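S.K.: Below are the sequence and a predicted model for it; my questions follow.
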Amino acid sequence: MATVTRKLGSRLLHTMKLMRELEHRIENLYRQGKIVGGVFIGRGQEAISAGSAVQTLPEDVVCPSHRDLAAFLLRGLPPWMVVANYLGRKDGPTRGRDGNTHLGALPLGIISFISSMAAIVPVANGVAFSFQYRKQPNVVLCYFGDGATSRGEWHEALNFGAVFKLPIVYLCVNNQYAYSTPVSRQMAVEHITDRAQGYGIPCQRVDGNDVLAVYEAAQKAIARARKGEGPTLLECETFRMSGHSAHDQAEYVPKELFEKWKKKDPILRFEKYLLEHKVLSRRDIDELYAKVQAEVEAAVTRAEQSPYPDPGELLEGVYASAEEDHSLPMTQRTRGKRETNPCQ
Amino acid sequence: MPVMTYIEAIRQGIWEEMERDDRVFMIGEDIGAHGGAFKLSAGMQEHFGPNRIVDTPLAENAFVGAAIGAALMGLRPIVEMQFADFISTCYDLIVNYAAKARYRWAAGVPIVIRGPSGGGVRGGPFHSNNPEIAFVHTPGLKVVVPATAYDAKGLIKAAIRDPDPVLYFEHKLLYRRIKEDVPAEDYVVPLGQARVARAGTDISVITYGAMVYVALEAAEKLAQEGDGVDVEVIDLRCLVPLDREAVLATVRKTSRVILLHEDTRTAGFAGELAALIASDAFDYLDAPVLRVTAPDCPVPYSPPLEDAFLPHAADVIAAVRRSMAY
Ligand SMILES: Cc1ncc(C[n+]2csc(CCOP(=O)(O)OP(=O)(O)O)c2C)c(N)n1
């Protein structure tokens, strides 16, 4: 087991708690009618995106799915921008063009999700291919759900990634349900790893509610990818502690499952670990949580201050504009301006 | 006659066809015990069993392909796309296989692919599309776009009984907003017959889907606002087969025409209608044919942007005034 420094422990706990509380607040904004589009959250799944994305280097890239908020936060997306995107505001990363976490920020190494499940996986391969092409020692973390692994694009992409030995880690967030469909109705094999093995990809099943287990598995997989040894698939087993979206009551999920998984809450578990191993004190943790609450409130306040986009902007950006400098790769274009708007 | 919402009317049409014909079944994601993302099939699996309301893995090609195969063997599958946007993932099977099978090897593919399309619900770029035109352009496919609850029921029944592949695009904004008297008994609305949604004498607005209501709103406002313009509204109901005679008849009657759709402009259905009118009713025109459509851009999420994107009654009124002033 890795020794957890105070710094790493605080960072992981902070990220997971921030994801939890921010999403909780976003759900409330939805209930108040302030968010008018779909809300998809990853309650109970925080350890997966946190334990993996925390290890990325600045030039690495993440391709988060719709319940991997920690990956956005760890790449430096300010929490208020997440809220602004949900609220459809002008200063959000998509400037109101798209909602929820359907957002990307190339300067931060975040590739936007495609709503069609699994369609992002071949694209993530392409990002990895560019690293291979340029002999760049970087890696891609690509996240998807259990349901997504039934789609043809997923299978094509896994085979492609294996054949090309791409520097990518495939992270399956197996939260047991795809909308109302349980994994048992999704596939006849027991595990996602059974599928990936057929493509010649090394696989590992990981306790997705144990942030350190995720951390260690991702560490190995990232190291392999960086050394040019090819892709790894991690099946992170967890549970969706919510409906499919904020309007879904999930009456199709047996209550006992929520009870069972509540006991495995990744944040409480990590808190306990940190206390037992004296990495952080109760007081440290309480202070950290108070800080998170303040950050969440500040994020909502800042996001609500952002205006709605001007309808006059409707047609901007369908095609490239003549003024933009297209000679630089997108990831390098405005690095210097991160402070003002990290996404553009 | 019972009052019914648009979505209930579709559901009842499917229900009746499933009772009438045991070859009819429905397949898609989360449509069983959960009743589908929009609850269209709530309670149907209980009644018809899991063999006829079939839940699938998340795999559109797998279930569209399975529906095509079952149809070749004489079954009558209805496929639900959870959102019509995702139909793009099975373009090949629909366009290259189902559409061409009868022509290539005399094998009919009587499937219905249906699902919620359209904007106005803050669904953003991936849950608001009007994907009809790609399929309109593919010979071998039929395309149905109901606007009323009456038609929703009558057209789904006609689509299910049709021997060819039919794409049936529901408008999700209408699901629970449209409520009207719908006969409880069996009836069909034949494919390829347009409807006069509002009779008028001065100018025609030809449209379909949710835009029928935008056209009607514009017509009422114009009647009230002292323009003294009497607008005729034509609801196409089907894009393929197209009721060409109804299009030409209204142009001959009013001599002025506005073509309205929610889909984006370039190569949208209005272009096809304009060409038809120009070639077959040119002599009757007193003004240029005008289009009111969404602009050429993806459907944005944020309310002010989506509102600017969608055509509104005010846009139709402006076009009518421009045409009348010509
Ligand atoms: C191709 C496609 N079909 C259907 C949908 C509608 N849909 C959105 S999320 C979802 C379930 C996804 O399940 P999973 O991949 O397990 O991810 P989870 O939501 O459980 O995190 C479905 C069916 C979609 N987005 N894309």
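M.R.: Nice, I can see it. Numbering: from 1, shown residues only, chains lettered A, B, ... in the order given.
S.K.: Contact residues of chain A facing chain B?
M.R.: Within reach of chain B by Cβ under 8 Å from any Cβ of the partner chain, chain A has these residues: A:36-38, A:88-89, A:94, A:96-100, A:102, A:114-117, A:119, A:147-148, A:150-153, A:178-181, A:185-187, A:252, A:308-311, A:313-315, A:318. For the C-beta atoms, the positions are set from N, CA and C on the backbone; glycine is no exception.
S.K.: What segments of the stretch 201-344 of chain A are strands?
M.R.: Under the criterion DSSP state E, counting those that start in this stretch, the stretch 201-344 of chain A carries strands at the ranges A:203-207, A:232-237.
S.K.: Comparing these, which comes out most buried?
M.R.: Highest mean neighbour count among the strands of the stretch 201-344 of chain A (mean count of other Cβ atoms under 10 Å in any protein chain shown): strand A:232-237, with a mean of 25.
S.K.: That one packs against which elements?
M.R.: helix A:46-53, strand A:168-174, helix A:192-197, strand A:203-207, helix A:211-226 (3 or more Cβ pairs under 8 Å, 6 or more residues apart in numbering or on different chains; DSSP states H and E).
S.K.: what about A:Ser130, which helix or strand?
M.R.: Under the criterion DSSP states H and E, the helix or strand holding A:Ser130 is helix A:120-133.
S.K.: Show me what the helix or strand just after that helix is packed against.
M.R.: Using DSSP H and E, the helix or strand that follows helix A:120-133 towards the C-terminus is strand A:140-145. Using 3+ Cβ pairs under 8 Å, 6+ apart as the contact criterion, the elements in contact with strand A:140-145 are helix A:46-53, strand A:61-63, helix A:120-133, strand A:168-174, helix A:211-226.
S.K.: now those as CSV including mean pLDDT?
M.R.: CSV is the format used below for those (pLDDT from 0 to 100):
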stretch, mean pLDDT
helix A:46-53, 98
strand A:61-63, 98
helix A:120-133, 98
strand A:168-174, 98
helix A:211-226, 98
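S.K.: ok, which of the residues of chain A next to chain B also contact the ligand?
M.R.: Among the residues of chain A next to chain B, the residues lying close to the ligand (Cβ under 6 Å from any ligand atom) are A:115-117, A:147-148, A:178-179.
S.K.: In strands, which of those residues appear?
M.R.: Residues of these located in strands (DSSP state E): A:Ala178.
S.K.: Now render the ones next to the ligand among the residues of chain A next to chain B as TSV, adding neighbour count.
M.R.: Conversion of those to TSV gives the following (neighbours: other Cβ atoms under 10 Å in any protein chain shown):
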residue	neighbour count
A:Ser115	20
A:Ser116	17
A:Met117	27
A:Gly147	24
A:Ala148	24
A:Ala178	24
A:Tyr179	21
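S.K.: okay if I get the strands of the stretch 201-344 of chain A as a markdown table plus distance to the ligand and mean pLDDT?
M.R.: Output for the strands of the stretch 201-344 of chain A, formatted as a markdown table (distance: least, Cβ to the nearest ligand atom, whole Å; pLDDT from 0 to 100):
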| stretch | distance to the ligand | mean pLDDT |
| --- | --- | --- |
| strand A:203-207 | 16 | 98 |
| strand A:232-237 | 11 | 98 |
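S.K.: which one in chain B is furthest away from the centre?
M.R.: Counting by Cα atoms, centre = their mean, the extreme residue of chain B relative to its mean C-alpha position is B:Gly226, 32.9 Å from that point.
S.K.: I'd like the distance between that residue and B:Glu217.
M.R.: B:Gly226 sits 17 Å away from B:Glu217, taking Cβ to Cβ, to the nearest Å as the criterion.
S.K.: Please apply the same query to B:Leu191.
M.R.: Computed with Cβ to Cβ, the distance linking B:Leu191 and B:Glu217 is 27 Å.
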